[in-house]
Structure formats: structure tokens, C-alpha cells
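>>> fold the following.
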Amino acid sequence: MNLKDHIREVPDYPKPGILFYDISTLLAHAEAWHETIEQLALVIEKEKPDVLAGIESRGFLLAAPLAMRLGMGFMMIRKKGKLPGKTIPFTYDLEYGTDTIEIQEDAIKPGQRVVMLDDLLATGGTMEAAVALMQQAGADVRRIACIIELNFLKGREKLGGIPVTSLIQYDD
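Alright, predicted model coming up:
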């Protein structure tokens, strides 16, 4: 099955000149969604992770069913102020300003093996921050996995050599 056939391209979203790759059509197609989870599971299980970490919010859509499928824990990386209890924050630079992501203080134990998940790898800024946050908390980040990678934005170059798996690539 060609998963790319199930990605809707939305021109000029969220602003003019941007071509948005929408995974909603993939999620709505039961066979394509199942194939997506199975392909990612084959790669992820080889890393023998203790926990899967999903980045808000579409990363949750991948990490939660994969964690269930592989019989392991799932944790959320969220924007500041969205998690209850004590958190570990990480602030990073954006093109115009900063943003902060967090995990719950007890979400990861030092040395735990983690695979990071998101729907899309573009410039790599958010994933780079999420990896730094996990490493600050003591995690052993084994792999990054996503559905779509925009190769022309060279996001994987920011990720410190951590292996990246993407099921669909766009080169321009």
C-alpha cells in the first residue's frame, strides 16, 4: 500500500505559500491507518524501548496506539501549562520568540529507552527541543519516528545523529 496516496495536500494552509500535508485522510482510512501503525511497530520494536513519547498533539495519535500494540508505556510531551503536577520544562527558540514544552516530573526514569513520535518532521525545531528535554530528564533516546518527513527542510540534521524513521518523504 502506498501511504502517500492517503495524505491530503492542502495548499495555502495555514498561510499563503504553505503546502500542508494533512494526515486526517490517512487516519480515516482503516487499512491505511493500520498499515501505518504496523510499519512503525516493526521499526520501533527493534529498539526495545521502555516507553514511547508523543509530541503534542498529533504525536499522541501515533504513540498511544503503538504503545498498546507493542505492550509498553506512553508519555506525553506537551506545551507549557497543560500537564498536572510537577513538570520538567524546556524552553527553545522559534523564528519569532520562544516556546516551552514539558513532561511530568515522574514520566521518565533515568536510563529508560525512549522512541520519540510525531506526525511530521519538518525543520526539526520542536523535535530537537523534545529530544533535549528527554535527555535532560535522563532518557536514552533510541529513535525518532514519524509518518511524514519534509526532506528539503533538513530537520533530521538537528537531531544529533539519532536514527530517524519516516514512512513518507517529500523532497520539495
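
>>> may I have the longest helix seen in the chain as PDB, with CA atoms only?
Taking DSSP state H as the criterion, the chain has its longest helix at helix 30-44. C-alpha atoms of helix 30-44 as PDB (Å, rounded to 0.1, in the frame of the first residue of the first chain):
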ATOM      1  CA  ALA A  30      -8.800   2.000   8.300                       C
ATOM      2  CA  GLU A  31      -6.500  -0.100   6.200                       C
ATOM      3  CA  ALA A  32      -4.000   2.700   5.600                       C
ATOM      4  CA  TRP A  33      -4.000   3.600   9.300                       C
ATOM      5  CA  HIS A  34      -3.500   0.000  10.300                       C
ATOM      6  CA  GLU A  35      -0.600  -0.300   7.800                       C
ATOM      7  CA  THR A  36       1.000   2.900   9.200                       C
ATOM      8  CA  ILE A  37       0.900   1.500  12.800                       C
ATOM      9  CA  GLU A  38       2.300  -1.900  11.700                       C
ATOM     10  CA  GLN A  39       5.100  -0.400   9.700                       C
ATOM     11  CA  LEU A  40       6.200   1.800  12.600                       C
ATOM     12  CA  ALA A  41       5.800  -1.000  15.000                       C
ATOM     13  CA  LEU A  42       8.300  -3.200  13.000                       C
ATOM     14  CA  VAL A  43      10.900  -0.400  13.300                       C
ATOM     15  CA  ILE A  44      10.200   0.600  16.900                       C
END
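
>>> tell me the strands beside the helix or strand hosting residue 100, with direction?
Using DSSP states H and E, residue 100 falls within strand 97-104. Here strand 97-104 has these sheet partners by DSSP bridges: strand 73-79 (antiparallel), strand 87-94 (antiparallel).

>>> just say which of the ones you listed is most tucked in.
Neighbour counts (mean count of other Cβ atoms under 10 Å) averaged over each of the strands paired with strand 97-104 peak at strand 73-79, with a mean of 19. The way it works is simple: take the backbone N, C-alpha and C, and place the C-beta from them, glycine included.
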